[in-house]
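**Student:** Kindly return the folded structure for what I paste below:
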Amino acid sequence: MSEVVFISKFEDCWLDKNHLAEYFDCSPRWIVAKYEEGMPASEIAGRLKFKVSVVEPWLEERGEIKRKTKGA
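**Tutor:** Model prediction:
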C-alpha cells in the first residue's frame, strides 16, 4: 500500500508575514522577530516574502518546531 502525502497549498507559495503567521498559528510580530534572528526571506516588490518550504526547516533546526507523537 502506498503512503499518502498531504501537501499544503501554501507549501511552495510566497507568503507575507501575515499569511505566514496564519499558517503557523502565531502572531506577525513573532514572524518579524524570527526574521530579525535570521529566518530566510526574500524581498519581492519591496515587501518581505517567505516560503514555508524554506522557513519550516529553519525553524526546526532552531527548536522552534517540535514534532510530537502520541504518547511522547
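
**Student:** Can you spell out which helices and strands pack onto the helix or strand hosting Phe50?
**Tutor:** Taking DSSP states H and E as the definition, one finds Phe50 inside strand 47-51. Counting contacts by 3 or more Cβ pairs under 8 Å, 6 or more residues apart in numbering; DSSP states H and E, strand 47-51 packs against strand 14-15, helix 17-24, helix 28-36, strand 42-44. The C-beta positions use only the backbone N, C-alpha and C, and glycine is treated the same way.

**Student:** Tell me the gap between that strand and the middle of its chain.
**Tutor:** With Cα atoms, centre = their mean, to the nearest Å as the basis, strand 47-51 stands 11 Å off its chain's centre.

**Student:** List the pairing partners of that strand within its sheet, with orientation.
**Tutor:** Looking at strand 47-51 with DSSP bridges, its partner strands are strand 14-15 (antiparallel), strand 42-44 (antiparallel).
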